[in-house]
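A.B. asks: Need a 3D model of the sequence below.
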Amino acid sequence: MQTYDLAIAYKWIYDRELTELIEKMFLENELSTYIIGEFNYTEVANALRNQELSFRAVLDRASDEDENFADLARLFTESNTYVINNYEKTENAIDKYKMHNILDQENFPLPYTYFIPPFDKNEEVVIPEEVFEKLGCPYVIKPSYYSGGGDGVIIDACGSELIRTARNQNPDDYYLLQKRVYPKVYNGRRVWIRSYWFFDEVFIVWWDDQTHIYSELNYSDFQILDLNRVVEFTTGIAELSGMDYFSSEFTIDQNEELFIIDYVNDQCDMRMKPEHFDGVPKIVVEKFIRNMINKVRTL
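C.D. replies: Numbering: from 1, shown residues only. Below is the predicted model:
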């Protein structure tokens, strides 16, 4: 049986850059990699099934978007392969309804939120008027599960007008009605933060929720804005979710209150600057890979 240190399964074309950098850095650290894509997933599944091939760990960025990789995911689970972001833990962590309730019980700083059951379970819901008073206008409508990359999110809802339309898009999903948070402006910049959890370490960057542009954050800004709070809450989310890596979004409003806006984004966008104007700084991706190398070495 041939064993590799890390399998990388991917389908998104822009994950190719990430995969090539992983291969390069793993090779420099004398660790082996194996690429799984549409061209060979059947072959790999058969080799795993016949115990001709094994992996110490797998970074699976394919099975969540392509059911053709589902058989591989099952085989990884059944074998001794360490799945980076365990499938069951991920299913729970990315569900905003479940995660919000967990974080709320632990007194994490969350915007006011009202949940609506799936349309399939309850077509007609009566929302108390005091809920709309607390939400204000405009407020945000989010699907609980099907909202990767902002899909299905409405940021300028007022009253009940758009709720039924939104629920019909994903009739089997819970929906969140959430008070909109307006960030303070600091040095001409909207204070919106993306924090990353990379295998026991937090890494923080600026992220603009309107332009989606990332930039590095310096130590002076970290101290002035007291972003150690972001480190603490990100660590707390990691402990409660059990995830190996993810990103979260935070903002500080005009009253200096910190809020968690997006709890767990499991398939972090790893497109890099300068090739992509809205890509992440390369230092972020290199930090992710270095920490992944350290994790794989412990297996």
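
A.B. asks: which non-adjacent residue is nearest the most centrally placed residue in the chain?
C.D. replies: Residue closest to the average C-alpha location in the chain (Cα atoms, centre = their mean): Asn265, at 1.1 Å. In this structure, Asn265 finds its nearest non-sequential neighbour in Ser247, 4.6 Å apart by Cβ to Cβ, 6 or more residues apart in numbering. The way it works is simple: take the backbone N, C-alpha and C, and place the C-beta from them, glycine included.

A.B. asks: Tell me the secondary structure at the one you found.
C.D. replies: strand (DSSP: H, G, I helix; E, B strand; the rest coil).

A.B. asks: Mind pulling up the pLDDT for it?
C.D. replies: Looking at Ser247, its pLDDT reads 98.

A.B. asks: if we can go back for a sec, hang on, isn't the residue nearest to the centre of the chain packed against Ser248?
C.D. replies: Yes - here Asn265 lies in contact with Ser248, judged by Cβ atoms under 8 Å, at a distance of 7.0 Å.

A.B. asks: sec struct for the residue nearest to Ser248 when sequence neighbours are not counted, please.
C.D. replies: Among residues not flanking Ser248 along the chain, Ser195 sits closest, at 5.1 Å (Cβ to Cβ, 6+ apart). Following three-state DSSP, we place Ser195 in the strand state.

A.B. asks: residues near Ser195, how many?
C.D. replies: 22 (other Cβ atoms under 10 Å).

A.B. asks: Check Tyr41 too.
C.D. replies: By the criterion of other Cβ under 10 Å, Tyr41 has 20 neighbours.

A.B. asks: what does Gln2 give?
C.D. replies: 10.

A.B. asks: Could you report the distance from it to Ile8?
C.D. replies: Gln2 is 16 Å from Ile8, where distance means Cβ to Cβ, to the nearest Å.

A.B. asks: With Thr33 instead?
C.D. replies: Distance from Thr33 to Ile8, counting by Cβ to Cβ: 6 Å.

A.B. asks: Same drill for those two, tell me which one is more crowded.
C.D. replies: More crowded of Thr33 and Ile8, by other Cβ under 10 Å: Ile8, with 25 against 19.

A.B. asks: Now for Thr33 and Ile8: what residues contact both?
C.D. replies: 22-23 (Cβ atoms under 8 Å, 6 or more residues apart in numbering).

A.B. asks: what about the residue nearest to Asp95 when sequence neighbours are not counted, neighbour count?
C.D. replies: Nearest residue to Asp95, sequence neighbours excluded (Cβ to Cβ, 6+ apart): Tyr145, at 5.2 Å. Tyr145 has 18 neighbouring residues, counting by other Cβ under 10 Å.
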